[in-house]
Structures are given as C-alpha cells and as structure tokens.
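Participant: Next one to model:
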Amino acid sequence: MANDLFFSRDTKLFVKCDSSVFEIPVLDGFSFSQATNSSEVTLNEMESTGGVSRRGRKMFNDSLAPAEWSFSTYVRPFASDPTKTTLAWDGTSAQIHAVEEVLWAALVGTATVTEGALTGSESNSSWSDDITYNSTSQTWDANTQPRMTIDFLGSNKSALKELEIFFVMGAGTYNASTHQVYKLSKAVVNSAAVEFDIDGIATINWSGFASNITDEGTKPAVTINEGISATNNFIRNRLTTLNIGATAAGNIVTSYALTLTGGSINFENNISYLTPEVLGTVNTPFAHVTGTRTIGGSFTCYLTNTATASADLFEDLVTSTGVITNDFDLTFHIGGAPASTTAAPHMSINLPSCHLEVPSHSIEDVISIETTFSALPTDIASADEATIQYKGIAVA
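Facilitator: As a prediction, this is how the structure comes out:
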C-alpha cells in the first residue's frame, strides 16, 4: 500500500548535542549506511585417492564497519529573536547564530552547549569553546556588526565532539506508528565542504562517521529550531568576493585582484574509528581518533591580463622558483563584503597563511584558470589555519 512507503522529501534531521536537540533542514541526496567486515575461509587441497578435491568455503562476520553519513545544508545565519520564548537560542539579545551551528561546533572541537532559560534574565545559550558571538577582534575584518565567529584553536584534540543524529522518515505530524526513526550513535563530523556554485545558494556538504545505526521507536523532542522556517537568511553565491594578500617573496606581489567564477573550501578532520578484534563475536566500533587536520580547496576565475589579476598571479607563481612555500592571505566573503551594513546575511572565511599551487588553464569559450590552495597554520603545532564568521539579520 502507498502509505507503507517513505519518500526522501519527507525526511527530517535532528541532531542531539549534550541535552540540546537541533532541527536542521537538509537537501536532497542525504545518505547513511553501515557495512559488515567479513572474512572468508577456503579449502584448497589436492585430489584424494578417491578422486575428491574439497573446494568449499565458509564466511564469518568479524565486525561492523563504522557507519557513514552525509548530507547538505544551506548556509543560514540569523539574528536570534529576543522575543521568542521557546525553541530559540536566547531570550535576552539579538545575537547571530546559524541553523547549522551545531555541526560547526562538532567539526572544530569538543565544545559543550548550554541553553539559557528563556525568561529574559538568564545568560544566553552558548558554546564553551570554539564559537563566540559579537566578536570584533578579527584584524582582517574591521566591521563591528554583530556576528558569530568560529575558529579551530581548540581543534588539536585526539577525539572530537560526539553527537546523536536522527533521521525521521514519514509525512505529516510525527506518529510512532507511521514514521520510521533511525539513530546514528557517537556520530562525528569528519568534513565540511563549502561550495561556490555561481548561480546557486551557499551550501555546505557535511559528512562523517558513527559507531552504529539503530532503529529507534521515537524521535527526540526538539529544543532549538530557530531560523529554519525563515525565507530571508539564504546567501547568494554570486555576491561572493575574494581578497588576496601575500608576503612579498620572489616575484610575488603583496596583493591580487581576482573575480571568482567558482570554487570550494574543504575542512577535513581525517577521522578513523577503532574497532576491537575479539574472536567469536561481531565487534562494533567503540571510539574515534582524529588524523591530520586538512583545510584547502580551489577557486576559478577568468584569465585576465590587467595589473595584479589572474595572468599576473600565474606568471608570478611560475617564475618564483626560489619560494619553497608561498604565503597568501585569502578571505572569501560569501554573500558580499562585510564592511557594508547592507551585506547581511553573509559568511566570511579567512585563511591567513595559504600555499598556492601553480594555476591550471581551462580552455573553453572563455579561458579560465583554476588555483588550488592549502591553508597552513603559522607553525606546524598551531591550529589557526582558518576563521569563519557569520553575519545575519532578523529572520522573517
């Protein structure tokens, strides 16, 4: 019967962090799965005197592989509504938050979230680390507008924040008898990719792992869903700008002026899961460990020969053979330059020390170049490769 089927368009996503449960709208193309690691025992013997050669095999389930999940969200900053009394971030001031904020917190560290009681007198809901509000201390951005700042300074950890992710399938108001709920336990955010589709809406592709997937009987009670039904907190990629500064070395100049046609920025934790190998049982993953933090990406632009434009960048990188590691300061302003008071909502990503590879040419109707970059810390033991800022407006 038709009512026995579930459609992906009806799926809702909930993320539990500590005691808070966030509702996060996702786009088409989400996935989650878990495989089994098996071993095979085979027989391979010569022929017996009776003309028999046994050729059988036997299979054993050794362990469950870590569950893998992925989904995409829009970049959706907003100014928290101080008049809201339920399902909101705070009840005392219009701070900047984002619908996908909890995922950033899990990507960059181990911060816990504390929800302020919404009576107008308690402290605002906030994170213990890695995410701050109303910060005006970033030297790369002179704008003093309220904003949310995300950094990686607390990300030098062997393990990151673990979440519980719920996929609730079924149309209409939730009912335990008609909806299907899957829970991903000990879920960690392994990567986030910010895509610059010139004609699209700013989007982040999230992916990660979990220890296992279970069939749950009920969905969690939502505590924060502010901003999810807004229509004015989407960001147009076409408004994106890029500022490039460089340390003068070799033939490299101090700044370049490029107009983008596309690109992406990837944040990777390179997480792996630990699974015991006890005989006689199907082992399950029990803990994760972080690998090398990798931040980088690429951007594309047309080939132009005006001063300090893309042709100059290509030539300077090719001829600077004496520069082993070049040093560029990249700031992507997604949705417009933050110095403008009318640019909100927007997202800025500053990568203060990037190594740029020699651009590659793409021969099409209009010739363009693609430049790959790697964001590096100031020294190999630091965690200051990137700073992300959101600015939002009151949602409607």
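Participant: give the contact list for residue 66.
Facilitator: Going by Cβ atoms under 8 Å, 6 or more residues apart in numbering, residue 66 touches 34, 209-211, 273, 275, 285, 288. From N, CA and C alone the C-beta is placed, and that goes for glycine too.
Participant: I meant residue 65, not that one.
Facilitator: 34-37, 275, 285.
Participant: So which of those is surrounded by the most neighbours?
Facilitator: residue 285 (22 neighbours; other Cβ atoms under 10 Å).
Participant: Who's the closest spatial neighbour of that residue, skipping the chain neighbours?
Facilitator: Among residues not flanking residue 285 along the chain, residue 273 sits closest, at 4.1 Å (Cβ to Cβ, 6 or more residues apart in numbering).
Participant: Quick check: residue 295 touching residue 351?
Facilitator: Yes. The pair residue 295 and residue 351 qualifies as a contact (Cβ atoms under 8 Å) at a distance of 7.0 Å.
Participant: any idea of the pLDDT on residue 191?
Facilitator: For residue 191, the pLDDT comes out at 97.
Participant: before we move on, what about residue 46?
Facilitator: 89.
Participant: First-to-last residue distance for stretch 287-303?
Facilitator: 48 Å (Cα to Cα, to the nearest Å).
Participant: Just the buried positions in that stretch, please.
Facilitator: 288, 290, 293, 295-303 (16 or more other Cβ atoms under 10 Å).
Participant: Could you do stretch 214-234 as well?
Facilitator: Neighbour-count burial for stretch 214-234 [16+ other Cβ under 10 Å]: 216, 219-220, 222-228, 230, 233.
Participant: Repeat that for stretch 336-355.
Facilitator: Under the neighbour-count criterion of 16+ other Cβ under 10 Å, stretch 336-355 has 336-338, 343-355 buried.
Participant: Would you check those residues and say which has the weakest pLDDT?
Facilitator: Lowest pLDDT among the buried residues of stretch 336-355: residue 343, with 59.
Participant: Enumerate every residue touching residue 101.
Facilitator: Taking Cβ under 8 Å, 6+ apart as the contact definition, residue 101 lies against 22, 131, 148.
Participant: Next one: residue 262 from residue 37, what distance?
Facilitator: Distance, residue 262 to residue 37, by Cβ to Cβ, to the nearest Å: 39 Å.
Participant: Poorly predicted segments of the stretch 51-200 of the chain, please.
Facilitator: 90-94, 115-125, 135-144 (pLDDT under 70).
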